[in-house]
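Enquirer: the sequence and its predicted three-dimensional model are supplied below.
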Amino acid sequence: MTKLKAWLHAHDESCQPTGEHAIRALRHLSRHEKKQLFSPDISFMRSAEGHWFEMMTYELFLDLVSKTDTIKKVVLKGADAPYRWQPVKMGQNGFFYSRNGDLTLRGNGQDLAEFDLLLQKKDGSIVFVEVVTSPADLKDFLQEVYYKKQVIRYLFDQKAVTFILVTSFPLSNYKGGRKVLGSDEHISISTLPCTEMRSYISGNWPKKIEKPKTPDANTCYLHDLIIAAPFHYETIHATERNWAIQQICNRNGSELVLPSPERTAPLVKKILFGSVYISAFKQICKQYTIHVKGEDLSFETVMKRYSKVILAADLPDYTPLLYLRNQQKKEYHKLVYHHPGVFKYERRTPPKVGFYLWLESLEPQLGTNISLTIIKTLIPYALQIPHDEIP
């Protein structure tokens, strides 16, 4: 058991948010979010509640850091983040504050991960904290945790990465929660339900806005963290893209070796193979169904509605994706391969994110043969089914 884990378990009561933490957390919420905390619309209320609980946890750790030498610093966030916000643009790599003061990792301007809380131990190693208010959020949660651990291992040259999960429900009551507890590096803290903690703030709205905290002996800004390894995401992505294409085009019946053996391979979340020529997309439409919002689209209809098609793959399973550039709005529609033979609409990519800028920068470069080869090769790999069952 790690020293931090032992201390947190031994001081269980100190690790519970109090009414003071609940009230202090309100300083990080907008006026609109404060109103939504008591909204009759459950979806709005849950969203505001999640942010409130996250900031309550942050306020809790701001107090805990002064009570133990197992934590050296808490990274400031929310209302305590520096006022200067750097708009998203291509070429940005490393840690950045979002407009709301969230802790984000960007790769070529794309948001790769968001950390609810970052701590630094006495030996300089980094601990990350995730906050969950609903058991439904535990679905695929381990994959997200794994990615963030790989990121910290690489960026800070750490062999071990401690992870703390704070929940407003008993974690061990759920299968996904028990999986999270299966490592000595993983620590859990379960608090009272949000419905009970709501009594802390009922009628207790702070009249004065507390001034933002500035770095002291127990805190630091995100940009104060010293990264030990180079993080040029464009190069890292290009390495994985080139490796995947080489494996796909030159395998001669042998099994695919994915990802590459490079140390940076786990850092890539998605491979953008490139924009496909219209002639290539026409052949894709002949072999696969394009399904958008309940409608199967012909090649002609797609060309009327969209101006650009990009072929990509989600990692780590290498599921093929299509990104279609909307003609009417500045947005892309993400389509995910669904068995059998269907690319189905999943969600939109809005213009104010770095990933949109990256998609916009891609020029047509993929012809028919390579586009179809990539799709036909990755589908059975992603689905783990025999190749002869793939349309």
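Expert: It's in. Numbering: from 1, shown residues only.
Enquirer: if you count neighbours, what's buried in the helix or strand Glu300 falls within?
Expert: Assigned by DSSP states H and E, Glu300 belongs to helix 299-305. The neighbour-count check on helix 299-305 (16 or more other Cβ atoms under 10 Å) flags Val302, Met303 as buried. In short, each C-beta sits where N, CA and C put it, glycine included.
Enquirer: also stretch 279-296?
Expert: Within stretch 279-296, the residues scored as buried using 16+ other Cβ under 10 Å are Ala280, Phe281, Gln283, Ile284, Cys285, Tyr288, Ile290, Val292.
Enquirer: next step: the residues you listed restricted to strands.
Expert: If you go by DSSP state E, the buried residues of stretch 279-296 have Ile290, Val292 in strands.
Enquirer: nearest to Leu103, of the buried residues of stretch 279-296?
Expert: Val292 (34.3 Å; Cβ to Cβ).
Enquirer: right, and the closest one touches Val342 too?
Expert: No. Between Val292 and Val342 there is no contact under Cβ atoms under 8 Å: 10.8 Å.
Enquirer: for Gly94, see how far away the residue nearest the centre of the chain is.
Expert: The geometric centre of the chain, computed from its C-alpha atoms, lies nearest to Ala113 (Cα atoms, centre = their mean), at 3.8 Å. Using Cβ to Cβ, to the nearest Å, Ala113 is found at 12 Å from Gly94.
Enquirer: list residues touching both of the two?
Expert: Between them, Ala113 and Gly94 share these contacting residues under Cβ atoms under 8 Å, 6 or more residues apart in numbering: Leu105.
Enquirer: if we can go back for a sec, what pLDDT is listed against the nearest residue to the residue nearest to the centre of the chain once chain neighbours are set aside?
Expert: The shortest distance from Ala113 to any non-neighbouring residue, by Cβ to Cβ, 6 or more residues apart in numbering, is to Leu105 (4.6 Å). On pLDDT, Leu105 comes in at 97.
Enquirer: in a helix, Leu105, correct?
Expert: No. Using DSSP: H, G, I helix; E, B strand; the rest coil, the assignment for Leu105 is strand, not a helix.
Enquirer: residues touching it, list them.
Expert: Contacts of Leu105 by Cβ under 8 Å, 6+ apart are Gly94, Phe95, Phe96, Asp111, Leu112, Ala113, Glu114, Phe115, Val151.
Enquirer: if we can go back for a sec, make sure the residue nearest to the centre of the chain is actually in contact with Lys148.
Expert: Yes. Counting by Cβ under 8 Å, Lys148 is a contact partner of Ala113 at 5.5 Å.
Enquirer: how about low-confidence regions in the stretch 101-250 of the chain?
Expert: Along the stretch 101-250 of the chain, segments meeting pLDDT under 70 span 204-209.
Enquirer: and with 90 instead?
Expert: Within the stretch 101-250 of the chain, the set of residues satisfying pLDDT under 90 comprises 136-143, 171-185, 199, 202-211, 250.
Enquirer: where do the strands sit along it?
Expert: 103-107, 110-115, 117-120, 126-132, 163-167, 186-190, 219-220 (DSSP state E, counting those that start in this stretch).
Enquirer: sorry, back to before: from Thr70, how far off is the residue nearest to the centre of the chain?
Expert: According to Cβ to Cβ, Ala113 and Thr70 sit 24 Å apart.
Enquirer: sorry, back to before: now the very next helix or strand once past the helix holding Glu300: buried residues?
Expert: Along the chain past helix 299-305, the next helix or strand (assigned with DSSP H and E) turns out to be strand 306-314. Neighbour-count burial for strand 306-314 flags Tyr306, Lys308, Val309, Ile310, Leu311, Ala312, Ala313, Asp314 (criterion: 16+ other Cβ under 10 Å).
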